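Engineer: Provide a 3D model corresponding to the input given below.
(one chain, ligands or ions: 3)
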Amino acid sequence: MSAVVVIGTQWGDEGKGKVVDYLAEQADVVVRYQGGNNAGHTVVVGDKEFKLQLLPSGILYKGKTCILGNGVVVDPAVVLREIKGMQDKGIDTSSLRISNRAHVIMPYHRLLDEVEEIARGDKKIGTTKNGIGPCYMDKNSRTGIRMVDLMDKEEFSEKLKYNLAAKNKLFKAVYGVEGFDYETVLNEYLGYAEKLREHVVDTSALLHEKLKAGKRALFEGAQATMLDLDHGTYPFVTSSNPAGGACVGAGVGPSQISKVVGVVKAYTTRVGEGPFPTELLDDVGEYIRKAGHEFGTVTGRARRCGWLDACVVRYAGYVGGIDYMAITRLDILDKVETLKICVGYKYKGALLSEFPASLKVLAAVEPVYEELPGWQETTSHIRKYEDLPQNARRYLERLSEVSGIAIGIVSVGPGRDQTIVLADMF
Ligand code: GDP
Ligand code: IMO
Ligand code: MG
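Structural biologist: Ligands and ions are numbered 1, 2, ... in the order given. Down below sits the predicted model:
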């Protein structure tokens with residue numbers, strides 16, 4: 001039995017899609033377990049670039065079972081659009097299975113996401129406005145609509161009526177906006193139901209069967225530890241658990257997980273609001289944004305850029321139980337003369353021993369930096385760890401020392417082959 005979990009260690013966009021696509025070659029099943037179409041995972045295969053929001057990154061291989069687990073929130077229109085997009089590119093999507101327990105994103109979730117953000121004013125989170133938070137809100141308040149309900153016309157009609165009445169009242173009374181027409185939403189979603197029916201099953205039962213038969217499973221995290229509802233920079237987080245959610249969101253027990261891989265970008269980026277101790281608001285930050293094309297896949301927003309923060313990675317390491325780091329985008333730093341790694345936080349003159357829970361504290365910490373010389377050489381063609389420039393190895397090894405996590409993979413480009421492997425994951 002072999003099940004590998006891939007999670008982001010920073011604020012998302014670390015290159016999880018690339019790492020999952022790389023490891024998927026050795027897997028039989030690839031599972032998304034949380035989040036929804038707030039994710040944007042880019043995978044490059046040869047000269048083709050694929051942008052995936054909901055479909056697991058394993059979809060690009062033939063013959064892999066791809067699962068959207070119970071912990072995912074599914075926008076039916078988006079998943080159908082992605083399926084169509086893949087089919088147009090000649091990718092077979094017949095192996096896609098969607099959990100009958102996954103919650104469905106409704107139009108009122110998207111509108112709520114928008115009006116709530118406006119109402120927050122300068123305290124806005126900077127969400128993707130895809131209805132993710134409001135859908136998880138309904139799940140937690142036990143009024144949500146699941147895939148199994150959508151597949152049952154009677155059940156769905158009843159649940160929609162109840163939910164829509166409550167939401168329309170809220171839109172009118174609190175936000176002063178127009179709500180939704182019952183018949184219109186009902187017909188739209190019953191149409192989706194017919195198109196998705198062939199994909200909807202009990203995915204935990206399916207996964208259980210596969211694992212029992214000795215198949216290899218790969219769990220694809222979306223977002224990242226710093227955006228985790230429990231462990232991230234709350235409230236500037238997403239509404240699911242990227243760090244530890246694989247078991248709950250896929251329907252397997254902790255004893256099934258054999259390894260956890262934490263994806264670390266060689267520097268740090270963040271989209272949306274919230275504290276970011278190593279943020280660079282100067283020319284270096286601008287250089288990294290340009291060199292790394294750091295603009296969001298989902299919303300197109302410019303990503304905030306900063307130095308590598310080993311405090312964040314160390315913290316992600318223990319809350320996520322990370323065995324190995326997959327360090328990506330090393331090549332983006334090829335030309336930077338001097339690099340900095342944050343190895344500690346000072347608050348009111350004293351070193352903090354733990355990652356602060358208080359955002360007030362996190363916003364006020366002073367990063368303790370170590371300066372390391374850059375390597376000023378191209379790395380994107382390198383395939384062996386020992387062939388990396390000495391200063392690049394020094395940079396990676398210092399991160400490993402401070403974070404306490406071993407290096408498993410180093411990525412030097414978006415392509416499948418631009419990958420240096422130091423340890424087997426399966
Ligand atoms: P994800 O959300 O964690 O999957 O990351 P994104 O796909 O949003 O952003 C990562 C971007 O970096 C994508 O465009 C990848 O194709 C690209 N990428 C991944 N690894 C590397 C790498 O090692 N070097 C370079 N230059 N690009 C990479
Ligand atoms: P991947 O999987 C980067 C951020 C949003 C916002 C916050 C809450 O591509 O790494 P939400 O719409 O989830 O309620 O927004 O989380 N966010 C991401 N940032 N990468 C992502 O996904 C993200 N998914 C959500 O920008 O700050
Ligand atoms: Mg992304």
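Engineer: wait, does stretch 408-421 make contact with ligand 1?
Structural biologist: Yes - for stretch 408-421, a contact with ligand 1 is found by Cβ under 6 Å from any ligand atom, at 411-414. Using the backbone N, CA and C atoms, a C-beta is placed for each residue, glycine as well.
Engineer: and the residues you listed near ligand 2, which?
Structural biologist: Answer for the residues of stretch 408-421 next to ligand 1 near ligand 2: none qualify (Cβ under 6 Å from any ligand atom).
Engineer: take these and keep only those in strands.
Structural biologist: Ser411 (DSSP state E).
Engineer: and the residues of stretch 408-421 next to ligand 1, which two are furthest apart?
Structural biologist: Val412 and Pro414 (9.6 Å; Cβ to Cβ).
Engineer: more neighbours: these two, which one.
Structural biologist: Val412 (25 against 19; other Cβ atoms under 10 Å).
Engineer: next one: phi and psi at the more buried one?
Structural biologist: Phi and psi for Val412, reported as degrees, to the nearest 10, are phi -120, psi 20.
Engineer: again with Cys66
Structural biologist: phi -110, psi 130.
Engineer: so it is in contact with Asp28, correct?
Structural biologist: No - Cys66 is not in contact with Asp28 according to Cβ atoms under 8 Å; the separation is 10.6 Å.
Engineer: direction included, what does the top strand by length along the chain pair against?
Structural biologist: The residue-count maximum for a strand in the chain (DSSP E) belongs to strand 338-347. Counting by DSSP bridges, the strands paired with strand 338-347 are strand 308-309 (parallel), strand 350-351 (antiparallel), strand 366-373 (antiparallel).
Engineer: quick one, which of those is packed in tightest?
Structural biologist: strand 308-309 (a mean of 29; mean count of other Cβ atoms under 10 Å).
Engineer: show me what the helix or strand that that strand is followed by is in contact with.
Structural biologist: Downstream of strand 308-309, the first helix or strand assigned by DSSP states H and E is helix 310-320. For helix 310-320, the external contacting residues (Cβ atoms under 8 Å, 6 or more residues apart in numbering) are 7, 9-10, 224-226, 228, 231, 243-244, 260, 262, 264, 268, 277, 322, 325, 341-345, 355, 367, 398-399, 402-405.
Engineer: mind running it again at 7 Å?
Structural biologist: 7, 9-10, 225-226, 231, 243-244, 260, 262, 264, 322, 341-345, 355, 399, 402-405 (Cβ atoms under 7 Å, 6 or more residues apart in numbering).
Engineer: cool, stretch 85-102 as well?
Structural biologist: Contacts of stretch 85-102 (Cβ under 7 Å, 6+ apart): 55, 59-60, 62, 64-70, 72-74, 83, 146-148, 196, 199-203, 206.
Engineer: still on that earlier bit, need the strands paired with strand 338-347 in CSV (columns: mean pLDDT).
Structural biologist: Formatted as CSV, those follow (pLDDT from 0 to 100):
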stretch, mean pLDDT
strand 308-309, 98
strand 350-351, 97
strand 366-373, 98
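Engineer: many thanks, I have nothing further to ask.
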